[in-house]
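Asks: below are the sequence and a predicted model; questions follow.
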Amino acid sequence: MRASRLFFPTLKEDPAEAEAISHKLSVRAGLVRQLAAGLYIYLPLGLRVIDKVNSIIRQEMNAIGAQELSMPVLQPAEIWKQTGRYEEIGAEMFRLRDRGEREMVLGMTHEEIITWLAAGELRSYRDLPQVWYQIQTKLRDEARPKSGMLRTREFLMKDSYSFDVDEEALEQSYQLHIQAYDRIFERCGIEFYRVESDPGMMGGAMAHEYMAPSPAGEDEVAICTACGYAANLELAHSVPDHPEYPEPVMNEVATPEVRTIDEVSSFLDISPALLIKSLLVMAGEEPVLVMLRGDQELQETKLAHKLGEFRQAHPEEIQKHTGANAGFIGPLELDIRKIADQSLREGVFVVGANRDGYHVRGVKAGVDFQAEYHDIRRVKAGEKCAHCNVDLKVERVIEVGNIFKLGTKYSEPLGATYLDVNGKERPIVMGSYGIGPARIAAAAIEQGADDKGIVWPASIAPFSVHLVLVQPKDSGQTAIAEKLFSDLRSAGIEVLLDDRDIGPGAKFADAELLGCPVRATVGKRTVADGEAEIQLRKGGEEHKFEIGTATAQISSLLEQI
RNA sequence: CGGGGCGUAGCGCAGCCUGGCAGCGCGCUUGCUUUGGGAGCAAGAAGUCGGCGGUUCAAAUCCGCCCGCCCCGACCA
């Protein structure tokens, strides 16, 4: 491709609306343009990157025997009603009516449709297993699109679905996807973790997420560098440290206008870890007192697993159920359901007295109050791994892929069954597996970029070689550059020839902004000494190759990257 | 949905408080020069100041309503 003909509007300045590095750079490098909130146009360079990612995905999916197909984005609402998700999902799903007033939806995922297909076509255990996938547009009316390509309302997803006879066979399909996914993310050149994740509303027992570390991410994971334990913070476990507890002598202490953990701990001059943080939540109509150590935070997803849907109690509700205001509530003499974090099982704490202006010291769990104990706290960096007792680290990550064991959550309501060897009808056991190609690209930018621009992993760069022709008006330089351009392409290397009639500084700056792995420069020095200058975008390493051998040399450089 | 910020030329922004000619930088067009790190000089084109309504002799500027975009939170198969 010639830069003089390529549509890649680069910008010197960061776009005003961008915050994330990947967002700024993908706009500046002319990869994308924003149409509206959460809606992006992929320009030629951006599309090339996505195509490269998709091509890697296809190769690895095909390698595990998955078969590509393509399903409609526009779908009848009826199928979603059958699985109950039409009501469950709410405002995030785009809904519309066709001219015949039939209710339709725009697909935010395709479990329903693929299961409908399977229900009609898969009949016998002989037909199984199957793995079907597509790379298809999804639409979600996101509450808050953000961070450029990281959370959009319309986006491409590779989604695959496995169909098996039983749980054991599903485990094999699941493992095959782990293999494929590991290879996909490795080949795309991004750093990633495979972490345990919350199966959530997808149902099913097991789920993992593929997470690319980046400060632009929306999730956090706990990682043990020693034993490899890795889990989304929504469900990560840890062993908390043990503070030194005082003598269990119970007495009430006046704490006027001292409400927050910080205020109470400094007023009493004790560590926050010696306080119990009491929160009143409403699970439907039922008030529940939730207790954590003062230095810990509630992990709401964990609590939701125990309580179902819940919300924070309003001030009037707190007053009504405890007799005190927020800041002074606690478990003593309180006849409502109580859930405490496991770290409160032992120890002696200060709690709110359920009387404004007072706290109680020397309170022992199990002695002075009873509660259900569950792990409901958020893991903090520095807490110990539950498996090997080494310090955990907590990192912010971008979710680039996920894999779920669905079981029969969709096959049962949609009647996707098969006849087993004994002629007995059984539901197909399913798995669901997603990858966001644009998030891979964004993660690659986030992880690789430097102050000059993007640094692409070679496998997904829009071009392998950015060939800078310094002076296109010089026939000597042009002849050499054209020859190299043509030789490189003959060698199967994708090359962008910058033949634009602009200053050399602008060309170099654009080359750095675009971030192709190899830059080759042909200028007056090349005419003089017959050597092409090669610079690697990553690390900036420079080489000079005699022009006759340049193609072979660049080829071997690219293989090493 | 709650909180905050922003909306002025293609892009980045000033002007608004204190009403009175719509500006700056980059980009764009033309010409000449220049050509290994975002070139110089000269001449130009380009704006319903987000929209609607109000106040006023006069509104980018003050007031009201609406729309859009970004950030924090809630939410996130």
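Replies: Everything's here; your move. Numbers count the residues shown, from 1 in each chain, chains lettered A, B, ... in the order given.
Asks: quick one: A:Gln471 and A:Gln477 touch, right?
Replies: Yes. Contact criterion Cβ atoms under 8 Å: A:Gln471 and A:Gln477 qualify, at 5.3 Å. For every residue, glycine as well, the C-beta is placed using N, CA and C.
Asks: name the residues contacting each of the two.
Replies: Shared contacts of A:Gln471 and A:Gln477, defined by Cβ atoms under 8 Å, 6 or more residues apart in numbering, are found at A:523-524.
Asks: A:Lys12 is in what secondary structure piece?
Replies: Under DSSP states H and E, no helix or strand contains A:Lys12.
Asks: count the residues that sit near it.
Replies: 8 (other Cβ atoms under 10 Å).
Asks: can you pull the contacts of it?
Replies: Counting by Cβ under 8 Å, 6+ apart, A:Lys12 has contacts A:Arg28.
Asks: the one 5 residues further on now?
Replies: Residues counted as contacts of A:Glu17 (Cβ under 8 Å, 6+ apart) are A:Gln34.
Asks: now the one 10 residues further on
Replies: Contacts were defined as Cβ under 8 Å, 6+ apart; by that measure A:Val27 touches A:11, A:14-15, A:18, A:33-34, A:148.
Asks: can we see that at 7 Å?
Replies: A:11, A:15, A:18 (Cβ atoms under 7 Å, 6 or more residues apart in numbering).
Asks: host element of the nearest residue to A:Leu406 once chain neighbours are set aside?
Replies: Spatial nearest neighbour of A:Leu406, excluding adjacent residues (Cβ to Cβ, 6 or more residues apart in numbering): A:Met430 at 4.3 Å. Element membership of A:Met430 [criterion: DSSP H and E] is strand A:429-435.
Asks: so which elements touch that strand?
Replies: strand A:154-164, helix A:167-187, strand A:392-407 (3 or more Cβ pairs under 7 Å, 6 or more residues apart in numbering; DSSP states H and E).
Asks: would CSV of the ones you listed with mean pLDDT, mean neighbour count and distance to RNA strand B be doable?
Replies: Putting these into CSV (pLDDT from 0 to 100; neighbours: other Cβ atoms under 10 Å; distance: least, Cβ to the nearest atom of the strand, whole Å) gives the following:
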stretch, mean pLDDT, mean neighbour count, distance to RNA strand B
strand A:154-164, 97, 23, 7
helix A:167-187, 97, 18, 12
strand A:392-407, 95, 23, 5
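Asks: I'd like those as JSON lines, with distance to A:Asn354 appended.
Replies: Shown next, in JSON lines, are the helices and strands packed on strand A:429-435 (distance: least, Cβ to Cβ, whole Å):
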{"stretch": "strand A:154-164", "distance to A:Asn354": "49"}
{"stretch": "helix A:167-187", "distance to A:Asn354": "48"}
{"stretch": "strand A:392-407", "distance to A:Asn354": "34"}
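Asks: circling back: may I have the strands that pair with the strand holding A:Met430, each with its orientation?
Replies: strand A:154-164 (antiparallel), strand A:392-407 (antiparallel) (DSSP bridges).
Asks: export the ones you listed as CSV, with columns for distance to A:Gly423.
Replies: Below are the strands paired with strand A:429-435 laid out as CSV (distance: least, Cβ to Cβ, whole Å):
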stretch, distance to A:Gly423
strand A:154-164, 19
strand A:392-407, 23
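Asks: just so I know, which of the ones you listed lies nearest A:Arg500?
Replies: strand A:154-164 (30.8 Å; Cβ to Cβ).
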